[in-house]
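Peer 1: sequence? don't have it. structure:
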């Protein structure tokens, strides 16, 4: 009853619990949450409370304060039975634990705190109850070898590996081991697209191992999870997993590849088909003693970070705690590297004797810490060095009395700059202990003119009876062009190089498509009147970034009739607020006025009304009846009229006459 239940599916873990976090989409949160048994946690960090203190909230309050001091947050105090009751409307299955658990929210970049082992270790060090362990590489006389073939380079080109020897698993430790992999997959591994973790019973297979890529029909093995307990080829598995609620979301990563990645041993026994599933032959059980861990990846740095976190967190359960056996990885070019290692440096070719794992050294100065953190100078530099030991660093004050040498452990890949070390000093000192001081320089902020104008426009549109919408800044390329019947010249929209989903491929170049989607997804009683005043992003070769934000206003009126007169009147009201009169002379660059000219915008239906908005001789927008084909593309049945206007030209002061 300590954790949610998990079924180990090899390269990954699949949640099978019935807790709200597992099945209720509304329960998801932006930060990872780790559930830990309250009794186990408090005992492990040396906190003892009476039954009365546990029940009256004293223990919870004190632990909340400890979490705050350490940079964590106690999300809630609950139990598995309470979570199930909340999800099912009061029903609790037999056997569901009543024990109290703490659900702790973890910063997204603190991968070392994504398991109970990491939280307990970190808090004990922070409370000065324990020293930070030394993580050591202890090479075997004959090291395990992982050979990477050239076939993998077009699919998932990188792989790293390590071995944990003499591990003692209990059900509690096993659950934690699986849960950590799951949280890493959802976090730094980006749902297995960047890194996929595979853990195996080393005694069930025989090295050396080979990381290869083969045709789907040439990969045959019995997977950990399948409709039937038999051998499948990879093509059959991909079809079978299309109906699997957990695994199907990962199939797209390799589905269209001509060859699938696979890891085999010297007998050609399949260990895993990353990033989908492991083989049943190397299944980890409570009786497993030696664990072979491999990470395949498209990002080598992240693979090294993930490997370090796993081996460091669970090496405490090895026969010799905090020792890791390195694995030799040979690339297709014949180069040899040994992992695990410093994630931000090159891996060594070999480790011939016991050595520390991937520690990095950086230097800071006490004078900068005082200046940047606000810690008073009455705290001597040697005490600053001691504070860093509470954050798992090893720090030494140099002879000059100002420079502090900081050794960063492999479990802290989030520390990549001196400012991260300054922050750790401040956390260890206590933010509440930093004196409150009045800034030496007083300044008065002022609203940007574009935002002030935006607020005024929102007020006008709200008074006109329009509801404000806030749509996504990212969309599909079709939303920018094809669905609006507009041509893609390749010079307008900003494309994302690595989009997370097919729905977010480019940055929006218009507001109209988002509002049309809003009308579709909100089938209210007609008429429907919505607006948005926000930014679009367009390519601009003259800008430093190659792109530029443009503030725009857009409005859509959906009714039983096209409603061109409605949006025309709205445009007139907006221009009146902007003190811009209507005049045919607006075609002149010097004339502070606007006029309408026939529009050729294919998104609008010119036969029922469509006009370009001209201001000081330039086209600043368009107003008209939305084309029927556009309405069909957005599955809208009611006719719509719309306007879209560039706001920024009206920031220029009105010329005096």
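Peer 2: On my side now, so go ahead. Since this is a predicted model, take the numbers as computed values, not measurements.
Peer 1: Going by C-alpha atoms from here, please, whenever you check contacts or count neighbours.
Peer 2: OK.
Peer 1: burial measure for residue 586, as a count.
Peer 2: 22 (other C-alpha atoms under 10 Å).
Peer 1: Could you check how far residue 245 is from residue 251?
Peer 2: Separation of residue 245 from residue 251 (C-alpha to C-alpha, to the nearest Å): 11 Å.
Peer 1: now residue 484
Peer 2: Relative to residue 251, residue 484 is positioned 32 Å away (C-alpha to C-alpha).
Peer 1: More neighbours: these two, which one.
Peer 2: Set residue 484 next to residue 251 and count neighbours by other C-alpha under 10 Å: residue 484 wins out with 22 against 16.
Peer 1: which one is the more buried one nearest to, not counting chain neighbours?
Peer 2: Nearest residue to residue 484, sequence neighbours excluded (C-alpha to C-alpha, 6 or more residues apart in numbering): residue 603, at 4.9 Å.
Peer 1: Let me see the contact set for the one you found.
Peer 2: 484-486, 626-627, 630 (C-alpha atoms under 8 Å, 6 or more residues apart in numbering).
Peer 1: of those residues, buried ones?
Peer 2: Among those, those buried by neighbour count (16 or more other C-alpha atoms under 10 Å) are 484-485, 626-627, 630.
Peer 1: Please identify which pair of those lies farthest apart.
Peer 2: Pairwise distances among the buried ones among the contacts of residue 603 were taken by C-alpha to C-alpha; the largest, 10.7 Å, belongs to 485 and 626.
Peer 1: Okay, helices next: where are they in the stretch 551-657 of the chain?
Peer 2: Per DSSP state H, counting those that start in this stretch, the stretch 551-657 of the chain carries helices over the ranges 564-577, 628-633.
Peer 1: average pLDDT for the last one?
Peer 2: Averaging pLDDT along helix 628-633 yields 94.
Peer 1: now stretch 594-613
Peer 2: Stretch 594-613 shows a mean pLDDT of 89.
Peer 1: what about that stretch, start to end distance?
Peer 2: Distance between the two ends of stretch 594-613: 7 Å, counting by C-alpha to C-alpha.
Peer 1: Likewise for stretch 245-257?
Peer 2: Stretch 245-257 end-to-end distance (C-alpha to C-alpha) = 22 Å.
Peer 1: picking up where we left off before, save the buried ones among the contacts of residue 603 as JSON lines, and put in distance to residue 223 too.
Peer 2: As requested, those are exported to JSON lines (distance: C-alpha to C-alpha, whole Å):
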{"residue": "484", "distance to residue 223": "46"}
{"residue": "485", "distance to residue 223": "48"}
{"residue": "626", "distance to residue 223": "53"}
{"residue": "627", "distance to residue 223": "52"}
{"residue": "630", "distance to residue 223": "47"}
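Peer 1: Where do the helices of the stretch 201-350 of the chain begin and end?
Peer 2: 234-240, 300-314.
Peer 1: And the average pLDDT for the shortest one is what?
Peer 2: In this case it means helix 234-240. Rounded mean pLDDT across helix 234-240 is 93.
Peer 1: One more: stretch 428-440?
Peer 2: On average, stretch 428-440 scores 89.
Peer 1: Return the set of buried residues in that stretch.
Peer 2: Neighbour-count burial for stretch 428-440 [16+ other C-alpha under 10 Å]: 428-431.
Peer 1: How about stretch 348-361?
Peer 2: Judged by neighbour count (16+ other C-alpha under 10 Å), stretch 348-361 contains these buried residues: 350-351, 356-360.
Peer 1: Which residues are in contact with residue 481?
Peer 2: Residue 481 neighbours (C-alpha under 8 Å, 6+ apart): 487-488.
Peer 1: In the protein, which residue is most central in space?
Peer 2: By C-alpha atoms, centre = their mean, the chain has its centre lying nearest to residue 187, at 5.6 Å.
Peer 1: Which ones among the buried residues of stretch 348-361 map onto helices?
Peer 2: Assigned to helices by DSSP state H, none of these qualify.
Peer 1: which two from the contacts of residue 603 end up farthest apart in space?
Peer 2: 486 and 626 (12.6 Å).
Peer 1: returning to that earlier point: and the furthest pair within the buried residues of stretch 348-361?
Peer 2: Among these, 350 and 360 lie farthest apart (C-alpha to C-alpha), at 18.4 Å.
Peer 1: how close does residue 268 get to residue 191?
Peer 2: In this structure, residue 268 and residue 191 are 28 Å apart, going by C-alpha to C-alpha.
Peer 1: More neighbours: which of those two?
Peer 2: residue 191 (20 against 13).
Peer 1: Does that one fall in a helix, a strand, or a coil region?
Peer 2: coil (DSSP: H, G, I helix; E, B strand; the rest coil).
Peer 1: Just list the residues touching it, thanks.
Peer 2: 185, 250.
Peer 1: Over to residue 180?
Peer 2: Counted by C-alpha under 8 Å, 6+ apart, residue 180 has contacts 114-115, 310.
Peer 1: Among the residues you listed, which one sits closest to residue 515?
Peer 2: Using C-alpha to C-alpha, residue 114 is the member of the contacts of residue 180 that lies nearest residue 515, at 39.6 Å.
Peer 1: Residue 174 reaches residue 286, doesn't it?
Peer 2: Yes - when contacts are counted by C-alpha atoms under 8 Å, residue 174 is listed as touching residue 286 (7.0 Å).
Peer 1: The two - which one has more neighbours?
Peer 2: Neighbour count, other C-alpha under 10 Å: between residue 174 and residue 286, residue 174 has more, with 18 against 12.
Peer 1: Can you report how many residues lie near residue 544?
Peer 2: By other C-alpha under 10 Å, 8 other residues sit near residue 544.
Peer 1: tell me the phi and psi of it?
Peer 2: phi -60, psi -40 (degrees, to the nearest 10).
Peer 1: Give me the distance between it and residue 498.
Peer 2: When residue 544 is compared with residue 498 (using C-alpha to C-alpha), they lie 21 Å apart.
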